[in-house]
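> got a predicted structure here, sequence first:
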Amino acid sequence: MSYQPVIPLDGFVGWRFLQRTLPSQSAAHASTPMAQRDEAYVRENIGAITSAQELVADRRMLRIALTAYGLAEDLPNRAYIEKVLESSTKEEGSFVNRLTDKRYHKLAEAFAFGDRLVPRTQLPSFADDLIAKFQNRSFEEAVGAQNDNMRMALALERDLSELAGQDSSESAKWFTILGTPSLRRVFETAFMLPSSFGTLDIDRQVDILQSRTERLTGSDSISQFTDPEAMNALTERFFLAGQVQAIQAQSAGSSALSLLQNGQASLNALLGR
């Protein structure tokens with residue numbers, strides 16, 4: 001039986017509970033028989049994987065690898081994933097470097113089939129790293145099955161902290177946010193941006209996000225999110241905005257139902273029913 005995370009409350013209060021219990025809950029998830037079998041499979045077989053073709057041919061290992069990098073939905077797209085894995089992350093204009101979604105770049109970089117004569121699967125630490133990422137993502141998926149906003153907050157805490165600490169320009173970091181679906185969604189939700197936001201010129205999108213972030217935290221820098229206080233401010237705003245949107249959607253649904261019921265009553269009156 002798979003582990004079901006305990007999330008007794010919604011919103012930011014529920015998030016605080018999940019944070020406090022995260023070590024014990026994630027450990028319980030990792031100790032389930034299914035998780036233990038997957039861990040054993042990686043340790044026994046990852047060393048035999050030396051090419052993108054071999055990884056894609058091993059459906060179980062591919063599932064674990066894709067889940068570890070947030071790409072579980074791509075399991076059926078094996079030809080596409082093989083092309084991603086064979087692509088060099090170091091060559092400008094390579095296939096993976098042309099992709100907007102930065103998750104593919106992280107996947108290709110992790111295995112390094114296109115960058116090294118000897119792939120990273122042969123490193124002694126590779127199995128531990130892959131298993132840790134897989135278990136974290138699997139736990140997030142289990143959380144998301146109950147509350148998707150909680151899943152997004154977990155992804156935010158991991159990915160934004162990592163991005164904030166990178167030695168790259170602020171512009172590059174903002175472009176990475178726009179190219180990472182989970183990060184993009186958190187920022188768009190937190191600032192209640194319309195669906196048309198994504199149709200704007202990408203530089204304009206960055207300008208808007210920077211401006212809204214500065215109003216929230218006092219800085220438009222992504223590097224600030226190494227500070228737990230800044231991270232907490234964004235996370236709280238994300239949950240509050242999500243609750244507002246849920247209330248608005250519920251109100252809109254109630255209004256539509258009311259209009260439909262009134263219209264039906266009027267029609268019945270005209271028909272003499």
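Nice, I can see it.

> all contacts plus neighbour counts: C-alpha atoms, from now on.
OK.

> so where is the stretch 151-273 of the chain shaky, pLDDT-wise?
252-273 (pLDDT under 70).

> contacts only, for the residue sitting nearest the centre point of the chain.
Nearest to the mean C-alpha position of the chain, counting by CA atoms, centre = their mean, stands S182 at 3.7 Å. Residues near S182 by CA atoms under 8 Å, 6 or more residues apart in numbering: M152, A155, L156.

> can you list the residues that contact the one helix or strand R158 maps to?
Assigning secondary structure by DSSP states H and E places R158 in helix 148-164. Residues outside helix 148-164 that contact it (CA under 8 Å, 6+ apart) are 15, 140-141, 143-144, 173, 182-183, 186, 222-226, 231, 235, 239, 242.

> in it, what counts as buried?
Residues of helix 148-164 classed as buried: 149-157, 160-161, 163-164 (neighbour count, 16 or more other CA atoms under 10 Å).

> how about stretch 185-198?
Under the neighbour-count criterion of 16+ other CA under 10 Å, stretch 185-198 has R185, V186, F187, E188, T189, A190, F191 buried.

> just stretch 7-17 next, same as before
Those would be G11, F12, G14, W15, for stretch 7-17 by 16+ other CA under 10 Å.

> what sits against the third one?
Read it as G14. Contacts of G14 by CA under 8 Å, 6+ apart are I7, P8.

> please apply the same query to the second one.
By CA under 8 Å, 6+ apart, the residues touching F12 are T235, E236, F239, L240.

> grab the nearest non-local neighbour of T235.
A153 (6.7 Å; CA to CA, 6 or more residues apart in numbering).

> one step back: the buried residues of stretch 7-17 in strands, which ones?
Using DSSP state E to define strands, no part of these is located there.

> and these, which two are the farthest apart?
Largest separation among these by CA to CA: G11 and W15, giving 6.3 Å.

> please enumerate the helices of this structure.
Listed in chain order, the helices of the chain (DSSP state H) span 11-30, 33-45, 52-57, 59-68, 78-86, 102-111, 126-146, 148-164, 170-178, 181-190, 202-217, 228-270.

> just send those back as CSV, with distance to S2 too.
Formatted as CSV, these follow (distance: least, CA to CA, whole Å):
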stretch, distance to S2
helix 11-30, 8
helix 33-45, 7
helix 52-57, 26
helix 59-68, 16
helix 78-86, 26
helix 102-111, 26
helix 126-146, 9
helix 148-164, 17
helix 170-178, 32
helix 181-190, 24
helix 202-217, 38
helix 228-270, 27
